[in-house]
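> predicted model, plus sequence, below.
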Amino acid sequence: GPDDVSDVSDAGDETVETPDGDGSTDSDPTNDTTVTDLSQDPELTLVKTGVASGSNVGDVITYTFTVTNTGDVTIDNIFIDDILTGSTNLAVSPSILAPGEEGIATVEYVITQTDINNGEVINSATVIGDDPDDNDVIDISDNGDETVDDNGDGDPTNDETITDIEQLPNLALTKTGFYVDVNGDDLPNVGDEIQYTFTVENTGNVDVTNIVLTDPLEGIVVTGGPIDLAVGEIDMTTFTATYVLTAEDVLLGEVINQATVTGQDPNGDDVIDLSDDPTDTTDVDLDNDGDAEDETVTIIEGVFTDPDDPIIIYTGITPNGDGINDDFRIVGLRNFPDNTLRIYNRWGVQVFEEDGYEQPGVELFTGISNGRVTISQNNKLPVGTYYYVLEYVTDTGQTKNKVGYLYINM
């Protein structure tokens with residue numbers, strides 16, 4: 001017939017009262033609401049990346065936190081906790097994320113000396129949010145690729161963020177020499193000394209430890225060390241050295257050499273620098289480390305103190321083979337290779353002649369005639385007074401002469 005026949009659906013068993021989705025009942029077991037449970041999978045994924053502005057104390061690392069809702073429900077009240085940066089409840093924008101959406105937060109961290117010595121900054125952060133049931137949704141940050149297990153803990157989703165900091169270890173050594181007239185006779189002598197002082201500065205950006213100083217100058221005695229230097233630290237007193245002049249030094253009128261410092265950076269690698277002479281403005285940077293490495297030149301006072309008379313001639317020899325004053329030496333003449341020395345006896349007879357005197361490999365006068373004129377070669381000359389004539393050409397091309405007496409004594 002025309003009358004409608006209807007029924008309100010039941011959840012399945014019309015003899016059993018089934019609660020509605022909100023847990024309520026109506027005392028009618030035939031019209032229970034059908035409730036279909038849907039599985040909720042709330043999930044957040046946090047990626048933390050860092051970019052350093054430099055590699056010195058006070059520079060900053062800017063950290064970016066990217067939060068992605070990788071679940072299937074909306075998450076709200078999202079914030080970041082990061083112990084390294086001191087961030088607690090750092091807000092994410094936006095703070096409510098639907099499935100698939102991203103939020104961003106940034107914070108700066110100031111680099112310390114410890115970080116630079118380590119060469120890197122390592123840490124993780126945590127993101128926390130609330131699912132629709134107000135349950136916490138938490139994730140520990142990863143460094144960017146959640147399919148690669150960088151830290152080897154078996155979980156590729158929680159690798160620490162590592163920000164490298166460039167290490168630039170460097171030492172700068174200066175060496176200064178002071179001539180000391182030991183016997184106080186105002187003349188340069190064998191046995192006089194050069195006292196050296198050294199200044200070591202850590203000009204790099206990492207601490208350097210176990211710094212030692214070596215000097216290849218034969219006969220030099222170095223004292224002091226080892227030392228440690230923090231970044232920017234300068235040591236001017238620990239290292240000293242003493243060098244006793246030889247006859248060759250006196251003849252040259254100067255001593256030239258370099259020292260070396262060697263230390264270790266935080267990785268155990270050597271940090272080496274050659275010394276520089278702070279009085280030399282040439283400033284040649286041999287190792288391209290930003291500081292110069294000019295050799296230290298110490299002038300022996302009394303040898304080249306008078307620019308108008310740079311030659312010193314000693315007027316006596318004792319060629320007895322004892323190694324002292326056996327040769328006729330002319331201090332400073334090595335700097336003037338264009339020269340001729342002639343020696344005459346008391347009757348004006350030439351007994352010795354040599355060009356380029358005091359130059360390497362040239363014969364020195366030892367009281368024996370070289371037979372250039374009237375005296376037989378290799379004749380040992382008798383004790384007595386002789387006369388020398390020295391002719392040399394200066395750096396400016398001027399010819400000069402020196403004449404004087406020479407006494408041979410045994």
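On my side now, so go ahead. Numbering: from 1, shown residues only.
> for the residue nearest to the spatial centre of the chain, list the residues it contacts.
Centroid check for the chain by Cα atoms, centre = their mean gives residue 170 as the closest residue, at 1.1 Å. Residues counted as contacts of residue 170 (Cβ atoms under 8 Å, 6 or more residues apart in numbering) are 202-204, 271, 273, 289-291. All C-beta spots, glycine's among them, are computed from the backbone N, C-alpha and C.
> quick one: buried residues of stretch 152-167?
157-161, 163, 165, 167 (16 or more other Cβ atoms under 10 Å).
> ignore the last one, stretch 250-260
Buried residues in stretch 250-260 (16+ other Cβ under 10 Å): 250-255, 257-260.
> including pLDDT, distance to residue 279 and secondary structure, could these go into a markdown table?
Listed next are the buried residues of stretch 250-260 as a markdown table, based on pLDDT from 0 to 100; distance: Cβ to Cβ, whole Å; DSSP: H, G, I helix; E, B strand; the rest coil:
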| residue | pLDDT | distance to residue 279 | secondary structure |
| --- | --- | --- | --- |
| 250 | 79 | 21 | helix |
| 251 | 74 | 23 | helix |
| 252 | 75 | 18 | helix |
| 253 | 76 | 16 | coil |
| 254 | 81 | 13 | strand |
| 255 | 89 | 14 | strand |
| 257 | 89 | 15 | strand |
| 258 | 91 | 14 | coil |
| 259 | 93 | 15 | coil |
| 260 | 94 | 19 | strand |
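> between these, which is closest to residue 67?
residue 260 (54.0 Å; Cβ to Cβ).
> which parts of the stretch 1-150 of the chain are helices?
113-118 (DSSP state H, counting those that start in this stretch).
> which stretches of it have low pLDDT?
The stretch 1-150 of the chain contains residues with pLDDT under 70 at 21.
> hang on, isn't residue 300 packed against residue 254?
Yes - look at residue 300 against residue 254 with Cβ atoms under 8 Å: they come within range, at 6.1 Å.
> contacting residues for the nearest residue to residue 9 once chain neighbours are set aside?
Among residues not flanking residue 9 along the chain, residue 34 sits closest, at 6.5 Å (Cβ to Cβ, 6 or more residues apart in numbering). Going by Cβ under 8 Å, 6+ apart, residue 34 touches 9, 11-12.
> out of those, which are buried?
So, by 16+ other Cβ under 10 Å, the buried ones in the contacts of residue 34 are residue 11.
> okay, the contacts of residue 34 in CSV with distance to residue 220 next?
Shown next, in CSV, are these (distance: Cβ to Cβ, whole Å):
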residue, distance to residue 220
9, 106
11, 102
12, 103
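> from the contacts of residue 34, pick the one nearest residue 392.
Nearest member of the contacts of residue 34 to residue 392, counting by Cβ to Cβ, is residue 11, at 124.6 Å.
> tell me the contacts of the closest one?
Applying Cβ under 8 Å, 6+ apart, the residues near residue 11 are 18, 32-35.
> try it again at 10 Å.
17-20, 29-35 (Cβ atoms under 10 Å, 6 or more residues apart in numbering).
> between those, which has the most around it?
Counting neighbours by other Cβ atoms under 10 Å, the top entry in the contacts of residue 11 is residue 32, with 21 neighbours.
> that one: what's it in contact with?
8-14, 16-20, 25-26.
> just to revisit the earlier point, mind listing the shared neighbours of residue 300 and residue 254?
Common neighbours of residue 300 and residue 254 (Cβ under 10 Å, 6+ apart) are 177, 179, 194.
> tell me the strands in the stretch 51-200 of the chain, going along the chain?
60-69, 76-82, 87-91, 102-110, 120-123, 126-130, 136-140, 161-164, 171-180, 193-202 (DSSP state E, counting those that start in this stretch).
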